[in-house]
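Visitor: Below is the sequence, then the predicted model.
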Amino acid sequence: MFIKIVKIFLIPLSCIITLGVINAYIFVPDLRRHGEIVAYRGGGSAVNYEKLNKTGCTSLSIKASRANSVENTLEAVASSIAAGAKVIHLNVHKTSDDQLVVIHDWTLDCATNGSGPVHKTSFEQLKSIDAGYGYTFDDGATFPFRG
């Protein structure tokens, strides 16, 4: 009885998995992306991920690099494209007045001089916030992107 139940479930499951793999690798080869450069966070300064795990804040965890710009900004995207990026990863959020904005964090507290969730902030309020306010390479000694 147990063997019959196993056959009833395992044989169709094996067929589904096999067809899925065949479909992914044979019938849809255009989805493969070999060697494309992806600009994560829209580009911007490199991140010290060990420090990020401690601080929980990307802007406090950046390190000096050739790509010195604030993530998810037009400047970062432009430098990513100039460096050969074919894919740009951006973080998009909706404001309280239903506008779409590109900003990495879901709150304003870490990277900007604002506070609170992005989705509870209007587009007009966001326009007056300094997006580079919290970024520092040297543990808060300087803030090169303020203003």
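Guide: On my side now, so go ahead. Given the structure is predicted, the values throughout are model-derived calculations rather than measurements.
Visitor: Can you give me the pLDDT of residue 95?
Guide: Residue 95 is assigned 97 on the pLDDT scale.
Visitor: nope, residue 55 is what I was after
Guide: Residue-level pLDDT assigned to residue 55 equals 89.
Visitor: which ones are touching the spatially most central residue of the chain?
Guide: When C-alpha atoms, centre = their mean is applied to the chain, the residue found nearest the centroid is residue 41 (4.2 Å). By C-beta atoms under 8 Å, 6 or more residues apart in numbering, the contact set of residue 41 is 47, 58, 71-72, 76, 89-91, 104. Yep, even glycine has a C-beta here, placed from its N, CA and C like the rest.
Visitor: Can I get the buried part of those as one ChimeraX selection?
Guide: Of the contacts of residue 41, the buried ones go into a single ChimeraX selection, burial set by 16 or more other C-beta atoms under 10 Å:
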select :47,58,71,72,76,90,104
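Visitor: Out of the contacts of residue 41, which comes closest to residue 131?
Guide: residue 72 (8.3 Å; C-beta to C-beta).
Visitor: now the closest one, what's its secondary structure?
Guide: Under DSSP: H, G, I helix; E, B strand; the rest coil, residue 72 falls in the coil class.
Visitor: if I read this right, it contacts residue 101, doesn't it?
Guide: No: contact between residue 72 and residue 101 fails when scored by C-beta atoms under 8 Å: they sit 9.3 Å apart.
Visitor: what is the mean pLDDT for stretch 134-147?
Guide: 91.
Visitor: end to end, how far does it reach?
Guide: 11 Å (C-alpha to C-alpha, to the nearest Å).
Visitor: And that stretch, what's buried?
Guide: Those would be 134-137, 143, 145, for stretch 134-147 by 16+ other C-beta under 10 Å.
Visitor: Distance check, residue 91 against residue 73.
Guide: 12 Å (C-beta to C-beta, to the nearest Å).
Visitor: Kindly report the same for residue 130.
Guide: Residue 130 sits at a distance of 12 Å from residue 73 (criterion: C-beta to C-beta).
Visitor: which one of the two has more residues nearby?
Guide: Neighbours per residue, other C-beta atoms under 10 Å: of residue 130 and residue 73, the larger number sits with residue 73, 21 against 16.
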